[in-house]
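J.: A structural model of the following input is requested.
(2 chains)
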Amino acid sequence: GENVEQHPSTLSVQEGDSAVIKCTYSDSASNYFPWYKQELGKRPQLIIDIRSNVGEKKDQRIAVTLNKTAKHFSLHITETQPEDSAVYFCAAEDDYNKLIFGAGTRLAVHP
Amino acid sequence: EPEVTQTPSHQVTQMGQEVILRCVPISNHLYFYWYRQILGQKVEFLVSFYNNEISEKSEIFDDQFSVERPDGSNFTLKIRSTKLEDSAMYFCARTALSYNEQFFGPGTRLTVL
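T.: Have a look, this model is predicted:
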């Protein structure tokens, strides 16, 4: 079955810097890769996603890239702000439409 | 996109007791899912439900778990005999009308004592 690895587990940046979180997946049949942001005590919130027919997608300060050949995808946050501090999860959708999540990255943005 | 709601927000129970967690989706959604998140860990798939039937279930979803849509609207997850290790956040999720995107409910925090 699908397996998703996520790195780093923690990331600390200064406000205004960029942050990059990377994920790899194992099942080449996976075609949908969402990213979720989870603030303390709250639900995971979908922030951006990408499908296998595109290599990059951008939404304001966040972007996601996908390399299907290498089976990895990344989240890029530019001009980080303190409110970006949260745990970020990548996921891959398998053949049965369920999401397999990475272990999460705790991002801390320091003013 | 409208979200799902979940009740209760927090459930405290004694080990061995049965609990029922509820999810109230919008009726025209197709797929529903239950996920579990143990404190500080990743989100784990439990079960998916399509057209009032289980579509797939994980290894976590053993005989102690069941799902139902008893009245065509509420979507329930039952744990028959809770264990300490069932303590977690339980999230209901549904797909968007455009498919693929899964939106999570606010979750139920289950504490088993």
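J.: burial count for residue 61?
T.: Using chain A here. A count of neighbours around A:Arg61, defined by other C-beta atoms under 10 Å in any protein chain shown, yields 13. For glycine as for every other residue, the C-beta is placed from the backbone atoms N, C-alpha and C.
J.: let's do chain B instead
T.: If you count neighbours by other C-beta under 10 Å, B:Phe61 ends up with 19.
J.: How about A:Asn97?
T.: A:Asn97, neighbours per other C-beta under 10 Å, totals 18.
J.: doesn't B:Thr95 make contact with it?
T.: Yes. Contact status for A:Asn97 versus B:Thr95: in contact at 7.5 Å, counting by C-beta atoms under 8 Å.
J.: how many neighbours does B:Asn51 have?
T.: When neighbours are defined as other C-beta under 10 Å, B:Asn51 has 8 of them.
J.: Please tell me how far it sits from A:Thr80.
T.: 43 Å (C-beta to C-beta, to the nearest Å).
J.: Repeat that for A:Ser52.
T.: Remark: distance between A:Ser52 and A:Thr80 (C-beta to C-beta) = 28 Å.
J.: of the two, who's got more company?
T.: Neighbour count, other C-beta under 10 Å: between A:Ser52 and A:Thr80, A:Thr80 has more, with 21 against 14.
J.: Flag every residue of chain B that's near chain A.
T.: Residues of chain B found near chain A (C-beta under 8 Å from any C-beta of the partner chain) are B:31, B:33, B:35, B:41-45, B:48, B:55-56, B:58, B:91, B:95, B:100-107.
J.: Can you point out the buried residues in stretch A:81-90?
T.: Residues of stretch A:81-90 classed as buried: A:Asp84, A:Ser85, A:Ala86, A:Val87, A:Tyr88, A:Phe89, A:Cys90 (neighbour count, 16 or more other C-beta atoms under 10 Å in any protein chain shown).
J.: Tally up the residues packed near the nearest residue to B:Thr5 once chain neighbours are set aside, please.
T.: Closest residue in space to B:Thr5, ignoring its immediate chain neighbours: B:Val24 at 4.7 Å, by C-beta to C-beta, 6 or more residues apart in numbering or on different chains. For B:Val24, the count of nearby residues is 15 (other C-beta under 10 Å).
J.: Nearest the middle, which residue of chain B would you pick?
T.: Chain B has B:Trp34 as the residue nearest its centroid, 3.4 Å off, counting by C-alpha atoms, centre = their mean.
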